[in-house]
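Asker: give me a model of this one.
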Amino acid sequence: AGTWDQLATALEGVVNVAKLDATEHTATAKRFGVRAFPTLLLLRRGSVYAYEGERSLEKLLEFASGGYASATAS
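Answerer: The predicted model follows:
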């Protein structure tokens, strides 16, 4: 959670970072195919990019800042 909060602070005004409790918001979890926890997704221009890398602040910033383009969109 600490890394996630740091990510939100670092990307403030550039990318919206949000948390969702999939056990409470089951319809949204189903809509985005969440089957395991935690699931990290980046939504951009109608596409969804799943993050499967290291959970460090550096790697998450890299993904959110353009690294997502090399991931498969759904």
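Asker: for the residue in the chain sticking out farthest from the centre, what are its contacts?
Answerer: Taking C-alpha atoms, centre = their mean, the residue of the chain most remote from its mean C-alpha position is residue 24, at 18.0 Å. Contacts here follow C-beta atoms under 8 Å, 6 or more residues apart in numbering; on that basis residue 24 touches nothing. For every residue, glycine as well, the C-beta is placed using N, CA and C.
Asker: so it sits in a helix?
Answerer: No: Residue 24 is assigned coil when assessed by DSSP: H, G, I helix; E, B strand; the rest coil, not a helix.
Asker: residue 56 versus that one, what's the distance?
Answerer: The gap separating residue 24 from residue 56 is 28 Å, by C-beta to C-beta, to the nearest Å.
Asker: what's the answer for residue 50, then?
Answerer: Applying C-beta to C-beta to residue 50 and residue 56 gives a distance of 17 Å.
Asker: and these two? Which one has more around it.
Answerer: A count of neighbours by other C-beta atoms under 10 Å puts residue 50 above the other of residue 50 and residue 56, at 16 against 11.
Asker: secondary structure class for the more buried one?
Answerer: Here residue 50 is recorded as strand under three-state DSSP.
Asker: disregarding flanking residues, what is the spatial nearest neighbour of it?
Answerer: residue 41 (5.8 Å; C-beta to C-beta, 6 or more residues apart in numbering).
Asker: what do you get for residue 20?
Answerer: Leaving aside its chain neighbours, residue 20 sits nearest to residue 28 (6.1 Å; criterion: C-beta to C-beta, 6+ apart).
Asker: make sure I have this right: the one you found is in a strand.
Answerer: No: counting by three-state DSSP, residue 28 falls outside a strand, being helix.
Asker: show the pLDDT at the residue farthest from the centre of the chain.
Answerer: At residue 24, the model reports a pLDDT of 95.
Asker: equivalent analysis for residue 55, please.
Answerer: 93.
Asker: just give the number of residues close to the closest residue to residue 10 other than its chain neighbours.
Answerer: Nearest in space to residue 10, with sequence neighbours left out and distances taken as C-beta to C-beta, 6+ apart, is residue 61 at 6.0 Å. Around residue 61 sit 15 other residues, with neighbours defined as other C-beta under 10 Å.
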